[in-house]
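[1] Sequence and computational prediction follow.
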Amino acid sequence: MKKTQIKLLGISLLLLVMLFPSCTDDLNQVPDSANAIPGEEFFSTPESYKQYLAKLYAGFATSGQTAAGSPDISGIDEGESQYIRGFWLMQELTTDEAVIGWNDGTIKDLHSQTWTSLDRFITATFARFSFQIVNCNEFLRQTTDEKLAARGLDAALVAEIKTYRAEARFLRALTYWHLVDMFGGGSLVTENSPSTFFYPEYATRAELYKFVDDELTAITPELKAPKSNEAYRVDQAAAWMLQAKLYMNAKVYIGTDNYTGALPLINKVIASGYALHTNYNQLFLADNDRNGAQNEFIFAIAFDGLKTQTYGGTTFLTHAPVGGTMNASEFGINGGWAGIRTTSAFVDKFNGNTTDTRGQFYTDGQTKEIVDISSFTDGYAIQKFRNVDVNGVSGSDKAGNFSDSDFPIFRLADAYLMYAECAVVGKVGDLVTARGYVNALRTRANASTISSLTADVAGANLILDERAKELHWEGHRRTDLIRFGKFSGGSYIWPWKGNVAGGAPTQAYRNLFPIPATALSSNSKLQQNPGY
């Protein structure tokens, strides 16, 4: 769907920015529709339905109508309000996998775990999630059986729109999962909620969890079979993957373990026809939509250096980690932003194994230990995302500003590790099979294989470390650490956790982010998370 999505962005972005003005001026949870153009005016042609669907997918990639100057959300740098960038900052910068040297506002509070409800990055991400949900809801309102019948659409298109609706519900469920994971409770707004301004009631974490679970169960039969949809559009395997993620974190979310529910879904994903790419590093290059990496990606966000320009997404993940003596041209960019590095705690996961291709550390001129977070040369740099293809040729934007590399949300390697965790931690599944999956990833990475895998603390620690090595900087780490009881508190300490050079314990309430103060002031029915 990459070309289709890109081609249709102009119309759909313009529509949505006009439709939901309050999301762009006061970061409210719900839209003020007083100035909205009627949705029916947009759905005047058969092509408009796919155009709107394209916008929903593009909501994860773009920040507005252009890279800068026409944002969906105001009040913060436009690049910082982009979905993947905000999601990444909260999932990675808060952990042992990433630090940042910039002094932009409260950015350093994320790694030190000292953020407050006034944090502008948390506020922007919460607003982006809300904006995405609002857009999905409007599409679902405009594609009911009654509205489609009134517009006289032919049966074939109506059937296709049914699939579009299932995809829109998946995309909404994905965002609601991110809300459940990061913020706990919040507002539950659907296509059945009032379309005029109102204050939605507060929904608990358990209620939002149930909504996501029920949605995924309902829509899976309506999605296309695995690997039968257009590129970048979701299928049943993506729904199985998301629901398995929900279940594997159920102990955190609702207090009840559900590895048993996750395992059959993971087995379905693994049997869906996706295949490991033979080269780990090629998974994150500019041509990862066609170099074989796409066969491993169950769901990825499309980025294009010419057509979906943004200072978030993989443009951020390509520029921000480059600095010091690093050669920007090797990354297909015109210059580094000298911001992101990693901690010695993450480096030590590799135990000095320089042959493991997943340890993409740049060490020339860099110190392993971080004395001064503001200094880019303190801490090893990571060379994961590159805007070059397998031959070293730069991406489509020859000016070197914007990246072509797609961002994987779900890939088969993650499913392998999820199976292994079910066997080791959940004690469901087969340990021999689990060991085979772990070794398949290690073999690809040119790392030594393991001869045994045990369902105990040692096995659990191995799985957690393996997830760090395989999936680092892909938006999993915070959730993983919380699930294993090692994010807050003192059971696992890394440099500058707790704003101390050697690391220090942090409060347990940090396992959830605060509901932003702006959202609370906009809707008094919201409830702040404990500790804030």
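    Received, thanks.

[2] Tell me where the stretch 51-200 of the chain has helices.
    Secondary structure of the stretch 51-200 of the chain (DSSP state H, counting those that start in this stretch): helices at 83-92, 107-112, 120-141, 145-150, 155-183.

[3] State the distance from the most far-flung residue of the chain relative to its centre to Leu140.
    No residue in the chain sits farther from the centre than Gly152, which is 38.0 Å out by C-alpha atoms, centre = their mean. Counting by C-beta to C-beta, to the nearest Å, the gap from Gly152 to Leu140 is 20 Å. Every C-beta, even on glycine, is put in place using the N, C-alpha and C of the backbone.

[4] do the same with Phe410
    Phe410 sits 23 Å away from Leu140 when distances are taken as C-beta to C-beta.

[5] circling back: turn the helices of the stretch 51-200 of the chain into TSV, including distance to Asp389 and mean pLDDT.
    Putting the helices of the stretch 51-200 of the chain into TSV (distance: least, C-beta to C-beta, whole Å; pLDDT from 0 to 100) gives the following:
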stretch	distance to Asp389	mean pLDDT
helix 83-92	21	97
helix 107-112	32	98
helix 120-141	30	96
helix 145-150	42	95
helix 155-183	29	98
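
[6] Just put those in JSON lines and tack on distance to Ala286 and mean neighbour count.
    Written out in JSON lines, the entries for these read as follows (distance: least, C-beta to C-beta, whole Å; neighbours: other C-beta atoms under 10 Å):
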{"stretch": "helix 83-92", "distance to Ala286": "16", "mean neighbour count": "24"}
{"stretch": "helix 107-112", "distance to Ala286": "27", "mean neighbour count": "21"}
{"stretch": "helix 120-141", "distance to Ala286": "25", "mean neighbour count": "24"}
{"stretch": "helix 145-150", "distance to Ala286": "39", "mean neighbour count": "12"}
{"stretch": "helix 155-183", "distance to Ala286": "25", "mean neighbour count": "20"}
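
[7] of all those, which lies closest to Thr354?
    With C-beta to C-beta, the closest approach to Thr354 among the helices of the stretch 51-200 of the chain belongs to helix 83-92: 23.4 Å.

[8] Make JSON lines from the helices of the stretch 51-200 of the chain and add distance to Arg233 to it.
    Rendered in JSON lines, the data for the helices of the stretch 51-200 of the chain read as follows (distance: least, C-beta to C-beta, whole Å):
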{"stretch": "helix 83-92", "distance to Arg233": "17"}
{"stretch": "helix 107-112", "distance to Arg233": "32"}
{"stretch": "helix 120-141", "distance to Arg233": "14"}
{"stretch": "helix 145-150", "distance to Arg233": "20"}
{"stretch": "helix 155-183", "distance to Arg233": "6"}
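
[9] wait, which of the ones you listed is closest to Ser193?
    Between Ser193 and those, the tightest spacing by C-beta to C-beta is seen for helix 120-141, at 7.1 Å.

[10] Show me the helices in the stretch 351-500 of the chain, by range?
    When secondary structure is read from DSSP H, counting those that start in this stretch, the stretch 351-500 of the chain shows helices at 412-424, 431-444, 457-471, 477-483.

[11] gap between the third one and the chain center?
    A distance of 20 Å separates the centroid of the chain from that of helix 457-471, by C-alpha atoms, centre = their mean, to the nearest Å.

[12] ok and that helix relative to helix 431-444, angle-wise?
    40 degrees (axes from the mean of the first three to the mean of the last three C-alpha atoms, to 10 degrees).

[13] Quick one: mean pLDDT for helix 457-471?
    Per-residue confidence for helix 457-471 averages out to 98 on the pLDDT scale.

[14] same question, the shortest one
    In this model, helix 477-483 carries a mean pLDDT of 99.

[15] ditto for stretch 345-362
    In this model, stretch 345-362 has an average pLDDT of 95.

[16] List the buried residues of that stretch.
    Buried residues in stretch 345-362, counted by 16 or more other C-beta atoms under 10 Å: Ala345, Phe346, Val347, Lys349, Phe350, Asp356, Arg358, Gly359, Gln360, Phe361, Tyr362.

[17] Could you export it as PDB, CA atoms only?
    What follows is the C-alpha trace of stretch 345-362 in PDB, where atoms were taken according to Å, rounded to 0.1, in the frame of the first residue of the first chain:
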ATOM      1  CA  ALA A 345      24.300  -1.900  30.700                       C
ATOM      2  CA  PHE A 346      23.000  -2.600  27.300                       C
ATOM      3  CA  VAL A 347      26.400  -3.000  25.800                       C
ATOM      4  CA  ASP A 348      27.200  -5.600  28.500                       C
ATOM      5  CA  LYS A 349      24.300  -7.800  27.300                       C
ATOM      6  CA  PHE A 350      26.600  -8.900  24.500                       C
ATOM      7  CA  ASN A 351      29.400 -10.000  26.900                       C
ATOM      8  CA  GLY A 352      32.100  -8.700  24.600                       C
ATOM      9  CA  ASN A 353      30.800 -10.800  21.700                       C
ATOM     10  CA  THR A 354      31.900  -8.700  18.700                       C
ATOM     11  CA  THR A 355      30.700 -11.200  16.200                       C
ATOM     12  CA  ASP A 356      27.000 -10.800  17.200                       C
ATOM     13  CA  THR A 357      25.800  -8.600  14.300                       C
ATOM     14  CA  ARG A 358      23.000  -7.200  16.500                       C
ATOM     15  CA  GLY A 359      25.500  -5.300  18.500                       C
ATOM     16  CA  GLN A 360      25.800  -2.500  16.100                       C
ATOM     17  CA  PHE A 361      28.000  -0.300  18.300                       C
ATOM     18  CA  TYR A 362      30.100   2.600  17.000                       C
END
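
[18] Centre of the chain to that stretch, how far?
    Chain-centre distance of stretch 345-362: 24 Å, with C-alpha atoms, centre = their mean.

[19] What lies in contact with that stretch?
    With C-beta atoms under 8 Å, 6 or more residues apart in numbering as the contact definition, stretch 345-362 has outside contacts at 96-97, 280-281, 324, 326, 342, 368, 380-384, 442, 444-448, 465, 468-470, 472, 493-495, 503.

[20] Among these, name the buried ones.
    For the contacts of stretch 345-362, buried by 16+ other C-beta under 10 Å: 96-97, 280-281, 324, 326, 342, 380-384, 442, 444-445, 447, 468-470, 472, 493-495, 503.

[21] So which of the residues you listed belong to strands?
    Using DSSP state E to define strands, the subset of the buried ones among the contacts of stretch 345-362 located there is Ala381, Ile382.

[22] Quick one: closest of the helices of the stretch 51-200 of the chain to Gly395.
    Distance to Gly395, taken as C-beta to C-beta, is lowest for helix 83-92 among these, at 16.8 Å.
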